[in-house]
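A.B. asks: Give me a 3D structure for the following:
(chains A and B)
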Amino acid sequence: MVVKAQLYCYILRCQNYRGGHQIVLCPVERCFSFYIFIYFPHLIFSQTITGHAYPEFVKIVEVGPRDGLQNEKEIVPTGVKIQLIDMLSGTGLSVIEVTSFVSSKWVPQMADHTDVLRGIQKASNVQYPVLTPNLQGFQDAVAAGATEVAVFGSASETFSKKNINCSVDESMLRFEEVINAAKKRQIPVRGYVSCALGCPHEGHIEPSKVAEVAKRLYEMGCYEISLGDTIGIGTPGSMLKMLQRVMKDVPINALAVHCHDTYGQALPNILTALQMGVSVVDSAVAGLGGCPYAQGSSGNVSTEDVLYMLHGMGIETGVNIAKVIEAGSFICSALSRKTNSKVAQARSTACCDESL
Amino acid sequence: MGNVPTTVKHCLSYEQLIEDYPWLRRWLQEDKEIVPTGVKIQLIDMLSGTGLSVIEVTSFVSSKWVPQMADHTDVLRGIQKASNVQYPVLTPNLQGFQDAVAAGATEVAVFGSASETFSKKNINCSVDESMLRFEEVINAAKKRQIPVRGYVSCALGCPHEGHIEPSKVAEVAKRLYEMGCYEISLGDTIGIGTPGSMLKMLQRVMKDVPINALAVHCHDTYGQALPNILTALQMGVSVVDSAVAGLGGCPYAQGSSGNVSTEDVLYMLHGMGIETGVNIAKVIEAGSFICSALSRKTNSKVAQARSTACCDESL
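C.D. replies: Okay, the predicted model is just below:
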């Protein structure tokens, strides 16, 4: 990293201390992001300490009912799913991904997709996207009242074949059909790129591959591309490199991050993405959904923990964290499981001043 | 934001929580076993082989108050001290310092607070009174050329007072530094901090204490430890406290986590290309040992994932 920083950022290595080297940014010492220099090298010689450029508002895309419940061991009764979604609709969230129109043969947890979509009480200021892996799924979704859909690509060939039984190129053809059909109905389409920071089968994924898939989805017509750290192995280092590359091909305001917390890295990765200018974050209430590649480990980052961080930084989300905690408590009780949210856990047992 | 250092010194704190929290002390006395001395020694010896350069091993407090630390002398004498590792011990007062020196301590630590109420409830004296005690310790340590590390608890909030002004944190940090502490560890005692409050606090403290004398001691009670540490690194801090397996809960939120786990911190730092000199696999091994001895699950997500992952371990 020191060498790369010197190449990219023209930074002089400073003196040793405690046996290590510290990069000192000249002339602004320690209060300036070196990441900024990658894009604005002239700032190296700036006399101004500017601090962070965090977004003022972050949109949370709640994926608990779909991504979360899809990865839970138990199949959740339809009524419970509907109740969860209705609770989430009252929290201020503006996007709640509710179900997936896939074959129940492959994903039995989502077999009740039509009943869920028809059963929820749709709030006027909330979008309820659904996954539609192919044209058939899209048509079923529209028949059930869907007004926004999502398609799920992969930056890894192996993951694509094992997960949806086709190559990345073949999947793009399927998605193109969906997107074209959606355009005719003026239905917005969100695109996902999984394995953006690593693949359980291939290991390292080149940022250029992530960019290639993201660009294809964007140019086909997806309004937003969510870059997913599917197995949670990313760190701020790999998040930075991946975003730097993808941002060359897709505008930053069309990008979102979908970080898994399997290795505890979700929040620092999200923080890094925010520092890069990303302002859309996917998360799941109560951190629903484990990691199918590390049994017993966590998967989705919890919405409560993300909100706590964002609000603590003065970033607005429009979401009421207490209500999300309530919804999380409901679904955990229904699933007879403990929340994965540390905020929810602490709030339920804290004996210190709750006004904090 | 700021530059991210290329190396981070890792300071492991293991048993100081029990020293800090009377609530935890009572909980442990009522419900939990006291960890056998032999187990503590074995843990520390395992940690000594991981590449860690600082391992805080025990606390020289009265066993009346903290029975968990009653074996402080046996622990300090029993461990196999690696030549490239420091083994600081907590010494809350002069008596504790003298006992520590007699037991072979070569580095000590004192534990102040940015909150008056926390100071009174925790160590039964005001912040000013505690500073007088610490001054005695520091002066005695100077005579023996024993380095002293200072801690400031409640740096991002207090369980009793709530919000703590960064200026108060700076005041206490500055006093400890000027008295002679070589390093000041700023502790988010109840884990309520976020990158927002971490930034503000560090900005203020850095006006009074040089950045290379600062460390952060983040608790993960609200899941904010790693983003807070990242923020601190970006401000120029390059010393991070953590605990193997995330040992130690939060006495103010029962069942919640306390210390951030060393394994998760290392994973983040190494993933960013920052050197620590620490072998994460060996830390995971030590964590596995102590969790097994304590019959508890690790708080480290990295350790948990590594133990069950079916994906490519070369990642």
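A.B. asks: which residues of the stretch 51-200 of chain A score low on pLDDT?
C.D. replies: A:51-52 (pLDDT under 70).
A.B. asks: Break down it into its helices, ranges please.
C.D. replies: Ranges of helices in the stretch 51-200 of chain A, per DSSP state H, counting those that start in this stretch, are A:69-70, A:78-89, A:113-119, A:135-143, A:157-164, A:168-184.
A.B. asks: Most tightly packed of these?
C.D. replies: helix A:69-70 (a mean of 23; mean count of other C-beta atoms under 10 Å in any protein chain shown). The C-beta positions use only the backbone N, C-alpha and C, and glycine is treated the same way.
A.B. asks: list the contacts for residue A:182?
C.D. replies: Neighbour list for residue A:182: A:138, A:149, A:188, A:189, A:221 [criterion: C-beta atoms under 8 Å, 6 or more residues apart in numbering or on different chains].
A.B. asks: swap that for residue A:283, sorry
C.D. replies: A:60, A:61, A:62, A:63, A:64, A:300, A:301, A:302, A:303, A:305, A:306.
A.B. asks: Okay, and the most centrally placed residue in chain A sits in which element?
C.D. replies: The residue lying closest to the centre of chain A (C-alpha atoms, centre = their mean) is residue A:258, at 1.6 Å. Using DSSP states H and E, residue A:258 sits in strand A:255-259.
A.B. asks: just to revisit the earlier point, got a list of what the residue nearest to the centre of chain A touches?
C.D. replies: A:63, A:192, A:226, A:227, A:228, A:229, A:282.
A.B. asks: swap the cut-off to 6 Å and go again
C.D. replies: Going by C-beta atoms under 6 Å, 6 or more residues apart in numbering or on different chains, residue A:258 touches A:226, A:228, A:282.
A.B. asks: which of the residues you listed lies closest to residue A:234?
C.D. replies: Proximity of the contacts of residue A:258 to residue A:234 was ranked by C-beta to C-beta; the top entry is residue A:228 with 9.7 Å.
A.B. asks: what is that closest one paired to in the beta sheet?
C.D. replies: residue A:258 (DSSP bridges).
A.B. asks: Around it, count how many other residues there are.
C.D. replies: Counted with other C-beta atoms under 10 Å in any protein chain shown, residues neighbouring residue A:228 total 27.
A.B. asks: How about residue A:300?
C.D. replies: Using other C-beta under 10 Å, residue A:300 has 28 other residues around it.
A.B. asks: Ok, residue A:186 next?
C.D. replies: By other C-beta under 10 Å, the residues close to residue A:186 number 7.
A.B. asks: ok and the residue in the stretch 151-300 of chain A nearest chain B?
C.D. replies: residue A:235 (2.6 Å; C-beta to the nearest C-beta).
A.B. asks: Quick one: the strands in the stretch 151-300 of chain A, in order.
C.D. replies: Using DSSP state E, counting those that start in this stretch, the strands assigned to the stretch 151-300 of chain A run over residues A:189-194, A:224-229, A:255-259, A:280-283.
A.B. asks: Kindly format the C-alpha coordinates of the third one as PDB.
C.D. replies: Once side chains and other backbone atoms are set aside, the C-alpha atoms of strand A:255-259 remain, and they are given as PDB (Å, rounded to 0.1, in the frame of the first residue of the first chain):
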ATOM      1  CA  LEU A 255     -24.200   3.100  -7.600                       C
ATOM      2  CA  ALA A 256     -25.200   1.400  -4.400                       C
ATOM      3  CA  VAL A 257     -23.300  -0.900  -2.000                       C
ATOM      4  CA  HIS A 258     -24.700  -4.200  -0.600                       C
ATOM      5  CA  CYS A 259     -22.200  -5.200   2.100                       C
END
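A.B. asks: Quick one: mean pLDDT over it.
C.D. replies: Mean pLDDT, strand A:255-259: 98.
A.B. asks: Repeat that for the second one.
C.D. replies: For strand A:224-229, the mean pLDDT works out to 98.
A.B. asks: before we move on, what about the shortest one?
C.D. replies: Across strand A:280-283, the average pLDDT comes to 98.
A.B. asks: how near is the nearest residue to residue A:101 once chain neighbours are set aside to chain B?
C.D. replies: Nearest residue to residue A:101, sequence neighbours excluded (C-beta to C-beta, 6 or more residues apart in numbering or on different chains): residue A:137, at 3.8 Å. Here the criterion is C-beta to the nearest C-beta, to the nearest Å. By it, residue A:137 lies 28 Å from chain B.
A.B. asks: for the residue of the stretch 251-356 of chain A found nearest chain B, what are its contacts?
C.D. replies: At 2.7 Å from chain B, residue A:312 is the closest residue in the stretch 251-356 of chain A, using C-beta to the nearest C-beta. By C-beta under 6 Å, 6+ apart, the contact list for residue A:312 reads B:194, B:196.
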